[in-house]
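Enquirer: Would you be able to build a 3D model of this:
(one chain, ligands or ions: 1)
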Amino acid sequence: MNRSTEREKSDTLPNTGSREALALDRVTVSFTVGGDRIVALDDVSFGVGHGGFLSVLGPSGCGKSTTLRLIADLLRPEEGELNVLGDSPGTARAHRRVGFVFQDATLLPWRRVIDNVLLPTQVGPSRVRGKLGMSPDEALAVVGLTSFAQAYPSQLSGGMRQRVAIARALVTKPDILLMDEPFGALDELTRDRLNVQLLDIWQASKTTIVFVTHSIPEAVFLGQRVILMSSRPGRVRATVEVPLPYPRELSLRDSPQFTGIVAQLRRLLTEEEL
Ligand SMILES: Nc1ncnc2c1ncn2[C@@H]1O[C@H](COP(=O)(O)OP(=O)(O)OP(=O)(O)O)[C@@H](O)[C@H]1O
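Expert: Have a look, this model is predicted:
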């Protein structure tokens, strides 16, 4: 297990060509609220290799969502650079190479499940409209909801709605999938099941995933690496490797190696809050 409070190792630094799916280099973002400048991210640098799974952990308000919004080109940095799939975030977005799953599934209630999944292919510039990476039926099969294709969102449980949101993100076959606390509102058993399913999807799709969570065990169970962010201003405080093999099963969480990494992260988070 390696811990680094420094910028990431040279193999994860930005602008290193095709090995990096994603790189942030000394990114700073601030907002002005009531005349005051709030630094949401300060000098943040990290990278994720192609097909990697990075978990992002940190206290509320440390800039986790802001980080995802930068990568998705929903926000521009004040300083620093981002490289997304060898291009700017804007180019990656224009080519639909980045998918986003939010905490709330945000499905359109008047559309059936299958039509919600199809939505990304029906909106946006004509250049990318209709461009399917995966058929909607295939995407629903991946999340185990084939038999609910004709249902309306109100007829589904919270966990099922979240799986529809994942299918909707998969339909354009994004090279990078950004997930902002997607399972935060679900009960523990459903969350556990979706964690395992997500790892299956990740391994089958080879998509690069950046997963934001408040849960230390979830971050460790899913990620190859966890970055811990600190708040006010948001910085990368530590990087913790998770050298546990995939496929991972839930029983892994009882292993001394897993509990050791969780304890290490908990200590770091507690120090942060003191
Ligand atoms: N549009 C905005 N306008 C003003 N301030 C903002 C805006 N978006 C984020 N912030 C501020 O930036 C900081 C980081 O917010 P962000 O939502 O990224 O944190 P977070 O780590 O995702 O929090 P949480 O875990 O609670 O979701 C916070 O102080 C927040 O108030």
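
Enquirer: Report the rounded mean pLDDT for stretch 149-168.
Expert: In this model, stretch 149-168 carries a mean pLDDT of 92.

Enquirer: in it, what counts as buried?
Expert: Across stretch 149-168, burial judged by 16 or more other C-beta atoms under 10 Å covers 149, 152-153, 156, 159-168. To be clear about C-beta, it is placed using only N, CA and C from the backbone, and glycine gets the same treatment.

Enquirer: Repeat that for stretch 142-150.
Expert: Using 16+ other C-beta under 10 Å as the test for burial, stretch 142-150 gives 142-143, 145, 148-149.

Enquirer: go on, stretch 228-238?
Expert: For stretch 228-238, burial by neighbour count (16+ other C-beta under 10 Å) applies to 228-231, 233-238.

Enquirer: what's the closest residue in space to residue 145 that isn't next to it in sequence in contact with, if anything?
Expert: Once flanking residues are discounted, residue 145 sits nearest to residue 163: 5.7 Å by C-beta to C-beta, 6 or more residues apart in numbering. By C-beta atoms under 8 Å, 6 or more residues apart in numbering, the residues touching residue 163 are 143-145, 194, 197.

Enquirer: Which strand or helix spans residue 163?
Expert: According to DSSP states H and E, residue 163 maps onto helix 158-170.

Enquirer: in the stretch 51-200 of the chain, which spans are strands?
Expert: 53-57, 79-84, 98-101, 176-180 (DSSP state E, counting those that start in this stretch).

Enquirer: so residue 173 touches residue 205, yeah?
Expert: Yes: between residue 173 and residue 205 there is a contact at 7.4 Å, judged by C-beta atoms under 8 Å.

Enquirer: which bits of this structure sit near the ligand?
Expert: Residues of the chain lying close to the ligand by C-beta under 6 Å from any ligand atom are 31, 33, 38, 40, 58, 60-66, 234.

Enquirer: Quick one, which of those residues are buried?
Expert: The neighbour-count test (16+ other C-beta under 10 Å) marks 40, 58, 62-66, 234 as buried among these.

Enquirer: Adding distance to residue 91, write those out as a markdown table.
Expert: Output for those, formatted as a markdown table (distance: C-beta to C-beta, whole Å):
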| residue | distance to residue 91 |
| --- | --- |
| 40 | 24 |
| 58 | 28 |
| 62 | 28 |
| 63 | 24 |
| 64 | 24 |
| 65 | 22 |
| 66 | 21 |
| 234 | 25 |
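
Enquirer: now these in CSV, with pLDDT?
Expert: Below are those laid out as CSV (pLDDT from 0 to 100):
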residue, pLDDT
40, 93
58, 91
62, 92
63, 94
64, 94
65, 93
66, 95
234, 92
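
Enquirer: Tell me which two of those residues sit farthest apart.
Expert: 40 and 58 (11.9 Å; C-beta to C-beta).
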